[in-house]
Each structure stands twice: as C-alpha cells, then as structure tokens.
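1. Following is a predicted model, sequence given first.
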Amino acid sequence: MPIDLFNSISAGYDQTNRVLSFGLDRTWRDRMREHLPAGNGLRVLDLATGTADVAIAMASDPRVVEVIGIDLSDGMLSLGKEKVFAKGLSDKVRLEKGNALALEFSDKSFDVVTVGFGVRNFGDLIKGLTEAYRVLKPGGRIIALEFSLPASPLSRSGYRFYLKWCVPFIGGLCTGRISAYNYLVRTILAFPYGERFERIMAQVGFMDGARCSLMAGGVTIYTAVRARE
C-alpha cells in the first residue's frame, strides 16, 4: 500500500482494528510477548510499528529495557508517539521513521525483532527478513504476528467471506478509505503463510522456526532464531 494510504487511515486505524478483530487484536499482540527469549536487558526492534501497539506490548515486559519502533508512515508514527507518551513509556520506547528493507542499525545489535501484521507489506519479503536477521545478535529471535487462513475448509470459507466482504465495508465505514482495506485483504490472501513462510525464514538463515496458531488459524505467531556463532 502506498504510504499516503497508510497516512490517510491512521486516524481511525486503531478503532478499526478493534472492530474488525472483535477486540482480540490486543490479545494477539500480548501473546507475542510470551515468545520473548529468556534473560534480562533485552533490546527490541519493532518493524512496521504503525501506531506502536506491539512496541508498547513489548515494553510492558520488565525484561525489555529498550524498544525502537520504525515505520514509513508519519501519520502512524505521530499517533504512536502520543500513545507511548500517554502510557509513560517515553524513556523506554523510541519511534522513528525507517524502512524495514534498509535498516539503519548495526549488525548484531538487537536481541529481538518483532513485526505485527507488517511482514506481508514488505515490498521484498526476502530482503526484509534478511535485514531482520542481520541486526539480530547471534541467538536473537524474530517474532512475527501475521494473518493466515484456517486449515478447516469450512472455517477457511467463512474467513474468506469475512475478508472479502466485511473487512472492506467496515474499514471503509470507519476510515472512509475502502480502497485501503481492499488492498489489505489482497495482501492477506497473497501472503505465504504457514509452512511456506517458515521455509522462507529458513532460506534467509533462521533456525528453529515454529508457529503458534490463534483464532482457529486465522492469525499466526511465527518465531525463529539467528544461529549462535
């Protein structure tokens, strides 16, 4: 999606997410926190941070000392900064404009890379995952939350109907940008979820790939690690 479309839906983005997910999107992001690696003093990089929901969820864990969230949308970042300030996390969370395909961070500088509902919007999936791998420390972990399709044919059929007809209608009603939500639906249906995404992560170099299905398979948390040296 062009950045101007992300900017155009930023004001109603959070509210629309609550409605479309029946309020479950916060729970899904909180579940990501359960996959943080052991240890203290964790530095987290949150890609495609949007309005910073994942960054805020990570920062609420006492093991995390710093979260940097990057995004290309000024509109999303502006709202995210307001939320971070309101929650008193400005000393722990820093949001800045940045491209997930060309990270301006040193090699091996983060313990964790997170991305919530943003992987499918990478213009180049391999390049984005390669950059995530590069900035992770040896043994560091990627945690990605993304939409997927249920395994059950009946559930998958119902989910496709919801995506095709309900998501654009509700998204358009909340934001006035039905085209943006038609785009989002297309990216969901085109994303190589499940085993295919795990194979792509392995192709980049990630090890110990695993996935946790939520909402009957409509949402998945993927984890993998950079090999220790």
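-> Happy to help now that I have it.

2. what's the burial count for the closest residue to Ser109 other than its chain neighbours?
-> Among residues not flanking Ser109 along the chain, Val135 sits closest, at 5.5 Å (CB to CB, 6 or more residues apart in numbering). In this view, the C-beta of every residue, glycine as well, is placed from N, C-alpha and C. Val135: 20 surrounding residues under other CB atoms under 10 Å.

3. Please apply the same query to the one 4 residues further on.
-> For Gly139, the number of neighbouring residues by other CB under 10 Å comes to 14.

4. Distance-wise, check it relative to Thr223.
-> The gap separating Gly139 from Thr223 is 13 Å, by CB to CB, to the nearest Å.

5. pLDDT of the helix or strand hosting Gly75, averaged?
-> Using DSSP states H and E, Gly75 falls within helix 74-86. Across helix 74-86, pLDDT averages out at 96.

6. and what of stretch 111-129?
-> According to the model, stretch 111-129 has a mean pLDDT of 96.

7. For it, measure first residue to last.
-> Start to finish, the residues bounding stretch 111-129 are 15 Å apart (CA to CA, to the nearest Å).

8. Buried residues in it, which are they?
-> Neighbour-count burial for stretch 111-129, counted by 16 or more other CB atoms under 10 Å, picks out 111-122, 125, 128-129.

9. other SSEs contacting the host helix or strand of Ala224?
-> Using DSSP H and E, Ala224 sits within strand 219-225. When contacts are defined as 3 or more CB pairs under 8 Å, 6 or more residues apart in numbering; DSSP states H and E, strand 219-225 packs onto helix 25-33, strand 136-147, helix 195-204, strand 207-214.

10. any idea which of the ones you listed is most buried?
-> strand 136-147 (a mean of 21; mean count of other CB atoms under 10 Å).

11. after it comes which helix or strand?
-> Taking DSSP H and E, what comes next after strand 136-147 is helix 153-161.

12. So which residues make contact with the next helix or strand after that following helix?
-> Using DSSP H and E, the helix or strand that follows helix 153-161 in sequence is helix 167-175. Here helix 167-175 makes contact (CB atoms under 8 Å, 6 or more residues apart in numbering) with 8-9, 11-13, 15-16, 19-20, 177-178, 180-182, 184-185.

13. now stretch 123-137: how far from the chain's centre is it?
-> Using CA atoms, centre = their mean, to the nearest Å, the mean C-alpha position of stretch 123-137 is found 14 Å from that of the whole chain.

14. Would you confirm that Phe110 contacts Gly41?
-> No. Assessed by CB atoms under 8 Å, Phe110 is found out of contact with Gly41, at 11.7 Å.
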